[in-house]
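**Student:** here is a sequence with its predicted model. Questions after.
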Amino acid sequence: MGCNNSKGTTASDPKTTPAPRKDTKPAPAATPAQSQDAPQKTENTEKTEDTQQTKPAAEDDTVAKVEECEGEVYDPNCPVLYINKVDPQSIACMMLLSEAGIKVNIKHVDLFKDEHKQDYFLNINPEHCVPTLVDGDFVLWESRPLMKYLCQKYVPESSFYPSDIKQRALVDRLMYWEASTLCTAVLDYAAYAAFLGKAIDSEKEPKVKEALDYLDKHLSDKSYVCGDTMTLVDLSIINTLALLWYIDYKIDSWSNVVQWVKRVEKIECFEKVNAAVADYKKTLENKAQ
Ligand SMILES: N[C@@H](CCC(=O)N[C@@H](CS)C(=O)NCC(=O)O)C(=O)O
């Protein structure tokens, strides 16, 4: 799986990569790729556009952080994706990377250790959430537009985000439904229980059922959410539903959804979802002891 970020370039050794330039913008994580052709500034101060105040230049902390990349050797020509291994929407992005063959550098952000509140990460994403992508001087968060961006930029022919305008509109429609209706209902019902170990509020369940009713009916005549092939929406939905699995919520009575889950489960990287659920449950158990 090659990195299609900068055509014609090859990965250089991160150890020889020069430090990022001290940009005049408020700090979004210069990637080493950006730094290679950027002039080096020697001053140790910078002015922000917003405040016009002089503040100390950012440490070269970001480079240090991304050199700690998970998995394969850090490739300065590829974007960096900051994720958390048990965060459902980070996993949706990871599944897309595996399935569509997009190469990025993965950096795990430990939310339990408040790593997302550290200066280096706040400088990248002041909203301190994962997943967050840094592609050269472009920074993007919110998993759904992030996945669309990755597809359009790196795998424009991929059926994960189809190029046919009507198919694409269908993907968009269902993604908006997933983000607003399904995800809101599921988060409201399950997130406090799943992430904070709080009691489940059964008054919130009807909205989840309503959304599952709709999804079940929608899936009655198709293999995947947008038809015969898997798209980005399948990845977002399955990971939103994973939150229900965190709290052992049974979805057996929605048979079309169950069949669809079985189809999506077949993709190789699905194990990431199960591993994350298992990992997370273990973390909660350890905390409770
Ligand atoms: N709508 C966002 C949700 C992002 C989000 O809330 N991520 C959580 C992961 S559990 C996070 O980073 N929380 C830490 C925080 O916001 O401080 C997306 O789909 O990317």
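**Tutor:** The structure has been received and is ready for your questions. Residues are numbered from 1 along each chain as shown.

**Student:** and the strands in the stretch 51-200 of the chain?
**Tutor:** 54-56, 80-83, 105-108, 132-135, 138-141 (DSSP state E, counting those that start in this stretch).

**Student:** is any part of the fourth one close to the ligand?
**Tutor:** What that stands for is strand 132-135. No - Strand 132-135 stays clear of the ligand (CB under 6 Å from any ligand atom), getting no nearer than 8.2 Å. Just so you know, the C-beta spots here come from the backbone N, C-alpha and C atoms, and that holds for glycine as well.

**Student:** elements contacting that strand?
**Tutor:** strand 80-83, helix 119-124, strand 138-141, helix 143-154 (3 or more CB pairs under 8 Å, 6 or more residues apart in numbering; DSSP states H and E).

**Student:** among these, which is the most enclosed?
**Tutor:** The highest average neighbour count among these, using mean count of other CB atoms under 10 Å, belongs to strand 80-83 at a mean of 25.

**Student:** just how off-centre is that one within its chain?
**Tutor:** Relative to its chain's centre, strand 80-83 lies at 7 Å (CA atoms, centre = their mean, to the nearest Å).

**Student:** run through who's touching that strand.
**Tutor:** 29, 31, 66, 69, 90-91, 93-94, 97, 104-109, 121, 124-125, 130-135 (CB atoms under 8 Å, 6 or more residues apart in numbering).

**Student:** among the helices and strands packed on strand 132-135, which is nearest the ligand?
**Tutor:** Among those, helix 143-154 comes nearest to the ligand, with 3.5 Å by CB to the nearest ligand atom.

**Student:** would you turn the strands of the stretch 51-200 of the chain into CSV with distance to residue 229?
**Tutor:** Output for the strands of the stretch 51-200 of the chain, formatted as CSV (distance: least, CB to CB, whole Å):
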stretch, distance to residue 229
strand 54-56, 49
strand 80-83, 24
strand 105-108, 26
strand 132-135, 24
strand 138-141, 25
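
**Student:** as TSV, the ones you listed with mean pLDDT would be great.
**Tutor:** Listed next are the strands of the stretch 51-200 of the chain as TSV, based on pLDDT from 0 to 100:
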stretch	mean pLDDT
strand 54-56	38
strand 80-83	95
strand 105-108	92
strand 132-135	97
strand 138-141	98
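
**Student:** which residues sit in contact with residue 188?
**Tutor:** 204, 207.
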